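In: Any chance you could fold what I've pasted below:
(one chain, ligands or ions: 1)
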Amino acid sequence: VRLITTVEGFSKELESERSGGRSVGLVPTMGYLHGGHLSLIARARSECDTVAATIFVNPLQFGPGEDLDDYPRDLDSDLLVLGRAGADIAFAPTVREMYPEEPLARVRVEGLSEDLEGRSRPGHLEGVATVVAKLFAMAGRCRAYFGEKDYQQLLLVERLVSDLSFPVEVVRCPTVREPDGLAVSSRNSRLGDGERRTAAALYRALEAGRERVEAGERSPERVREAMVSVLAAEPGAVLDYAEVAGASDLSVPCALGDRELRLLVAATVGPVRLIDNLGVTPPGSAAAARNPGSRARDHTSDEPAARPAGGRKAAP
Ligand code: PAF
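Out: Purely as a prediction, here's the structure:
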């Protein structure tokens, strides 16, 4: 894998790939790569001629008191992982290279940044949108691979691309899960053994919500209660939110009828704040008729992790 650390070098390298007739796949990450990232790289590898991963822990998306300093980092190991996964380019700039000055221009995707993660982590999604816009501006025409694990981020990036006309095709990739359902995440490495077991409650909460919807429950509040009760039974988990939302725009549904839904949870376990989500289609809905037997397709990780695990706007 070719390591590039300058913005100019990265842009030129990708431009030269394209002028040689090669399509570019971009996988933006904050490093400390795990099975979820590997699934993004594998998908990019299968669809693009040149695969570039970016590794940058973006300070703009961490609020005061959040885990910027504790966020796990291991560039040497990431480069080995990328090489084994068949990536061609690793772009790993310093903070100074990305932000020579405090940026005055910031990107905000209205309507997708205020609630859920935006409410709990003020400024976080603006920081994400800003760095992703910069990476897209540097990378140029490409396909960009994002995981459904960060569902609000994924919707935001899709709107960023369409509203600002970046020459980028966003590719959605399913969440990768451990056998007990825990979504893989770099932050899982900071969980102790007991905390690691508790963390699986997030997925169990989502499953409880999904069962309610699939059993025909129409009340968002009762679906929410089903998710909350699973997490409330775990003394080691501190619930932040458990919500039911429209899958296309995260708006609050009045009743669960016709639309594809997304269940979203966030909770703190030990030192780590975790998020997860699951898609669900209400039975008898037009969406279910279009896609009979549909269930959210997440991957259970069948390969070892790269490292050992150590109010919203109402629907119209
Ligand atoms: O999902 C992430 O790892 C980050 O939010 C991203 C998209 C790389 C931006 O820093």
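
In: For the helix or strand encompassing Leu3, give the mean pLDDT please.
Out: Element membership for Leu3, per DSSP states H and E: strand 2-4. Strand 2-4 shows a mean pLDDT of 98.

In: ok, and for it, which residues are buried?
Out: Judged by neighbour count (16 or more other C-beta atoms under 10 Å), strand 2-4 contains these buried residues: Ile4. All C-beta spots, glycine's among them, are computed from the backbone N, C-alpha and C.

In: Can you list the neighbours in contact with that strand?
Out: Contact with strand 2-4 is made by Phe10, Glu13, Leu79, Asp88, Ile89, Ala90, Phe91, Ala92, as judged by C-beta atoms under 8 Å, 6 or more residues apart in numbering.

In: 6 Å - rerun?
Out: Residues from elsewhere that reach strand 2-4 (C-beta atoms under 6 Å, 6 or more residues apart in numbering): Phe10, Glu13, Ile89, Ala90, Phe91.

In: CA atoms only: put whichever helix or strand comes after that strand into CSV for me.
Out: Next in sequence after strand 2-4, counting helices and strands by DSSP H and E, comes helix 7-19. Provided in CSV are the C-alpha atoms of helix 7-19 (Å, rounded to 0.1, in the frame of the first residue of the first chain):
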residue,chain,number,x,y,z
VAL,A,7,-3.2,16.7,0.4
GLU,A,8,-1.4,17.6,-2.8
GLY,A,9,0.1,14.2,-3.2
PHE,A,10,-3.2,12.5,-2.5
SER,A,11,-5.1,14.6,-5.1
LYS,A,12,-2.4,14.1,-7.7
GLU,A,13,-2.2,10.3,-7.1
LEU,A,14,-5.9,9.8,-7.6
GLU,A,15,-5.9,12.2,-10.7
SER,A,16,-3.1,10.1,-12.2
GLU,A,17,-5.1,6.9,-11.5
ARG,A,18,-8.1,8.3,-13.3
SER,A,19,-6.1,9.6,-16.2
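
In: Sort out which residues of helix 7-19 are buried, please.
Out: Buried-residue list, helix 7-19, by 16+ other C-beta under 10 Å: Val7, Gly9, Phe10, Ser11, Glu13, Leu14, Glu17.

In: do stretch 58-66 as well
Out: Residues Asn58, Leu60, Gln61, Phe62 are the ones in stretch 58-66 that count as buried (16+ other C-beta under 10 Å).

In: next one: that stretch to chain centre, how far?
Out: 16 Å (C-alpha atoms, centre = their mean, to the nearest Å).

In: Dump stretch 153-165 to CSV, restricted to CA.
Out: Output of stretch 153-165 as CSV, limited to C-alpha atoms (Å, rounded to 0.1, in the frame of the first residue of the first chain):
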residue,chain,number,x,y,z
GLN,A,153,-23.8,10.0,9.0
LEU,A,154,-24.6,7.9,5.9
LEU,A,155,-27.8,9.9,5.1
LEU,A,156,-26.0,13.1,5.8
VAL,A,157,-23.1,12.2,3.4
GLU,A,158,-25.7,11.2,0.7
ARG,A,159,-27.3,14.7,1.0
LEU,A,160,-24.0,16.4,1.1
VAL,A,161,-23.1,14.8,-2.3
SER,A,162,-26.4,15.5,-4.0
ASP,A,163,-26.8,19.1,-2.6
LEU,A,164,-23.2,20.2,-3.3
SER,A,165,-22.8,18.2,-6.5
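
In: Work out for me the element Lys149 sits within.
Out: Using DSSP H and E, Lys149 maps to neither a helix nor a strand.

In: same thing with the one 5 residues further on?
Out: When elements are defined using DSSP H and E, Leu154 is found to belong to helix 151-164.

In: coming back round to it: list the neighbouring strands of the strand holding Leu3 plus their orientation.
Out: strand 89-91 (parallel) (DSSP bridges).

In: Tell me which stretches of the stretch 51-200 of the chain form strands.
Out: Using DSSP state E, counting those that start in this stretch, the strands of the stretch 51-200 of the chain run over residues 89-91, 142-147, 168-173, 176-177.

In: out of those strands, which comes closest to Ser285?
Out: When the strands of the stretch 51-200 of the chain are compared by C-beta to C-beta, strand 168-173 sits nearest Ser285, at 20.7 Å.

In: Give the partner strands of the closest one in its sheet and their orientations.
Out: strand 142-147 (parallel).
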